[in-house]
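J.: can't give you the sequence, but here's the structure:
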């Protein structure tokens with residue numbers, strides 16, 4: 001048999017597979033397990049959104065759209081961002097509709113970076129950031145965040161990790177996997193850093209609507225001097241429970257959006273038209289449904305964080321998203337072995353923190369985007385598992 005690996009590009013051959021997907025290939029062998037691992041809403045997409053897609057299909061809307069996306073949708077995005085984020089983007093040339101935020105991130109990296117450029121990003125982080133940088137032959141620079149800061153990015157640490165040749169900074173607030181946020185005062189310091197170092201900020205804000213306790217989300221693009229050096233990324237998957245629609249968008253300076261469109265044009269052509277039609281309905285008429293889902297997530301968050309700490313697994317209170325990030329390091333085993341043991345002994349699946357970078361060592365991600373009842377059962381099982389580990393440790 002011929003060695004077909006020799007045909008694979010070197011930079012792809014050494015690229016690690018997603019730690020989340022790798023772990024869930026193990027989970028798939030136990031279909032009875034309660035999963036707290038998937039970063040996907042358990043809610044069905046609101047009916048009016050599904051109905052809009054169905055109606056568009058019935059009207060024969062099955063064609064390509066403009067590479068930038070439907071102008072009606074871009075106008076709707078523009079109005080929504082103006083109302084909810086105090087952002088002002090021209091729909092004609094400053095907004096690009098993409099196949100999810102993941103594509104938006106990928107084409108942003110490909111449009112910005114030359115081989116040898118450097119990109120900073122804070123960690124633990126979404127699994128795609130480092131590979132998106134590496135696939136452009138640029139150099140990723142991980143900036144650690146810490147539980148003592150609720151995993152917010154410390155501008156002093158950012159300054160410490162800066163190197164000559166840094167061209168861009170990726171930020172993700174609210175953050176997957178930690179639920180970390182950045183209040184305005186912290187964002188102002190990050191913005192000052194970006195301006196002083198003359199770097200572009202790529203801001204992934206897909207969880208912006210899932211901010212709890214009445215807190216108001218602030219986008220770094222609204223701060224003085226930042227709109228012209230920020231690529232704002234957002235999408236429909238999380239707050240509107242539209243993961244399968246694969247609909248995201250990027251906003252930014254005309255020249256950068258046009259460069260991203262060229263990559264998008266040759267790779268994707270356009271986002272699916274039915275998803276674009278559905279997104280218009282979501283943005284115009286579904287604020288109440290988003291609020292209802294957010295209230296449910298907050299109730300689940302309050303419960304799961306209380307239970308983590310009662311069980312003896314320290315966990316900060318996430319201020320947004322639907323993720324908890326408990327410390328599981330107190331039992332003489334690493335986070336992967338903890339998660340594998342929990343799956344084997346109690347049939348509960350959570351994700352090792354190192355799936356999100358080396359700074360996730362000692363932690364695990366557990367989503368509370370499943371039902372309150374299943375979370376309750378899962379935490380009872382986790383308590384039994386931890387109790388067994390405690391006994392073994394004291395024996």
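T.: That came through, no problem. This one's a predicted model, so the numbers in the text were calculated from it and none came from an experiment.
J.: so who does residue 361 touch?
T.: 329, 334, 335, 353, 354 (CB atoms under 8 Å, 6 or more residues apart in numbering). C-betas here are computed from N, CA, C, even on glycine.
J.: Tell me the one among those residues nearest to residue 135.
T.: The shortest approach to residue 135 among the contacts of residue 361 belongs to residue 354, at 20.8 Å (CB to CB).
J.: Which helix or strand contains the closest residue to residue 223 other than its chain neighbours?
T.: For residue 223, ignoring the flanking residues on the chain, the nearest one in space by CB to CB, 6 or more residues apart in numbering is residue 191 at 4.5 Å. Element membership for residue 191, per DSSP states H and E: helix 184-197.
J.: Tell me the secondary structure at the most centrally placed residue in the chain.
T.: The centre of the chain sits closest to residue 176, judged by CA atoms, centre = their mean, with a distance of 4.7 Å. Three-state assignment for residue 176 (DSSP: H, G, I helix; E, B strand; the rest coil): coil.
J.: I'd like to know how far it sits from residue 324.
T.: Distance from residue 176 to residue 324, counting by CB to CB, to the nearest Å: 12 Å.
J.: Quick check: which helices or strands does the helix or strand where residue 75 lies pack against?
T.: Using DSSP H and E, residue 75 falls within helix 71-85. The contact analysis (3 or more CB pairs under 8 Å, 6 or more residues apart in numbering; DSSP states H and E) places helix 71-85 against strand 95-98, strand 248-251, helix 273-285.
J.: tell me, how many neighbours does residue 114 end up with?
T.: Around residue 114 there are 9 other residues, counting by other CB atoms under 10 Å.
J.: likewise the one 4 residues further on?
T.: Counted with other CB under 10 Å, the neighbours of residue 118 add up to 19.
J.: Any idea what it is bridged to?
T.: Counting by DSSP bridges, residue 118 is bridged to residue 139, residue 166.
J.: what's the next secondary structure element after the helix or strand bottoming out on mean pLDDT in the chain?
T.: Least confident element among the helices and strands of the chain, by mean pLDDT, DSSP states H and E: helix 19-27 (a mean of 69). Under the assignment DSSP H and E, the closest C-terminal helix or strand after helix 19-27 is strand 34-35.
J.: Okay, buried residues for the helix or strand following that next one please.
T.: Using DSSP H and E, the next helix or strand after strand 34-35 towards the C-terminus is helix 47-58. Neighbour-count burial for helix 47-58 flags 49, 52, 53, 56 (criterion: 16 or more other CB atoms under 10 Å).
J.: Can you tell me which of those lies closest to residue 376?
T.: For the buried residues of helix 47-58, the nearest to residue 376 is residue 49 (29.1 Å; CB to CB).
J.: got the contact list for the residue nearest to residue 223?
T.: Contact analysis of residue 191 by CB under 8 Å, 6+ apart lists 201, 220, 223, 224, 225, 226.
J.: Could you pick out the buried ones from those residues?
T.: Neighbour-count burial (16+ other CB under 10 Å) is assigned, among those, to 201, 220, 223, 226.
J.: Quick check: residue 366 is in a strand.
T.: Yes: counting by three-state DSSP, residue 366 falls inside a strand.
J.: wait, doesn't it sit right on residue 301?
T.: No: at 10.9 Å, residue 366 and residue 301 do not qualify as touching, with contact defined as CB atoms under 8 Å.
J.: Between those two, point out the one with more neighbours.
T.: residue 366 (29 against 24).
J.: On the pLDDT front, check the more buried one for me.
T.: At residue 366, the pLDDT value in this model is 97.
J.: who's it bridged to?
T.: Beta-bridge partners, per DSSP bridges, of residue 366: residue 324.
J.: ok, now which ones touch it?
T.: Counted by CB under 8 Å, 6+ apart, residue 366 has contacts 36, 37, 304, 308, 323, 324, 325, 326, 350, 351.
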